[in-house]
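Colleague: compute the structure for the input listed below.
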Amino acid sequence: MTDRSDTPSSASGKPWIRIALAATLAAVVALFFVLGGPKYFTLDAVKAHRDALLRLTELHYGAALAIAFLVYVTAVSFSLPVGLLMSLTIGFLFGRWVGTAVVVLAATVGATIVFLAARYLFADMARRRMGELGRRINAGFTANAFHYMLFLRLLPLFPFFLVNLAPALTDIPVRTFTLATLVGIVPLTFVFVNFGHSLGRLDSLSGLLSPETLAASTLLGLATLTPILWKKFGSGNRGNT
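Modeller: Below you'll find the model as predicted:
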């Protein structure tokens, strides 16, 4: 039996609370686009204000660090499409090591907030609609949750916001989700933050990942499935010898 004592259930709580939460999330995302948020979070906008951002960071380093962290958490919590640009900017302002730490911690906090909100809002309803197939998927994923989560985080094929939402439909414990996210996003985060040093020379956000980096990340992700495959096939083979 899976212990879900550390995870909130979407079946608990008053319905109006869930409706209010869902409406708030939708309203914030809508306002971001209605108020022209995407035009402020562009590579050209950051490059145009790079000197001012550097000066502000130098004069108020601690405050700038806190603001960067909170803005990143907020962006991930509402699944706003600005993560890549913010990773580059934070790398440019704080360097590869501090920048990576800020982005990894902020992204993990934001992802956990999304995970908890999704589980509270619609997880139980989605499970009921999926029926027996959903129960089998849930059982298989939850039994090897940490390895599957690492796989999903390491492979750049899966959108970050989707990997925040989908596991909420399973019984994976919050601590497993959080730890796997914290560990799994480090490699690609470091790559993106490191590109921040070249912010002034970048003309586009597309094509930042080289084929070599993609291949290495994919192989690393596939390696996380090795214990699952060994448990499934290796132990059976040993029993037959």
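Colleague: pLDDT below threshold where in the protein?
Modeller: Along the chain, the model assigns pLDDT under 70 to residues 1-13, 200-210, 212-214, 216, 218, 220, 227, 229-241.
Colleague: 80 instead, please
Modeller: Counting by pLDDT under 80, the chain contains low-confidence residues at 1-16, 37, 124, 126-127, 130-131, 133, 156-157, 197-241.
Colleague: helices and strands around the longest helix along the chain, which ones?
Modeller: In the chain, assigned by DSSP state H, the helix with the most residues is helix 96-118. Packing partners of helix 96-118 (3 or more CB pairs under 8 Å, 6 or more residues apart in numbering; DSSP states H and E): helix 61-77, helix 83-94, helix 160-165, helix 174-184, helix 186-195. C-beta: built from backbone N, CA, C; applies to glycine.
Colleague: what about the third one, distance to the chain center?
Modeller: Spelled out, it's helix 160-165. What separates the centre of helix 160-165 from the centre of its chain is 6 Å, taken as CA atoms, centre = their mean, to the nearest Å.
Colleague: for it, buried residues please.
Modeller: Neighbour-count burial for helix 160-165 flags F160, F161, V163, N164, L165 (criterion: 16 or more other CB atoms under 10 Å).
Colleague: thought R119 was touching the fourth one, still the case?
Modeller: No - with contact defined as CB atoms under 8 Å, N164 does not count as touching R119 (10.7 Å).
Colleague: just put the buried residues of helix 160-165 in TSV and tack on distance to F78.
Modeller: TSV is the format used below for the buried residues of helix 160-165 (distance: CB to CB, whole Å):
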residue	distance to F78
F160	13
F161	9
V163	16
N164	11
L165	13
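Colleague: between these, which is nearest R153?
Modeller: Set against R153, the nearest of those by CB to CB is V163 (6.4 Å).
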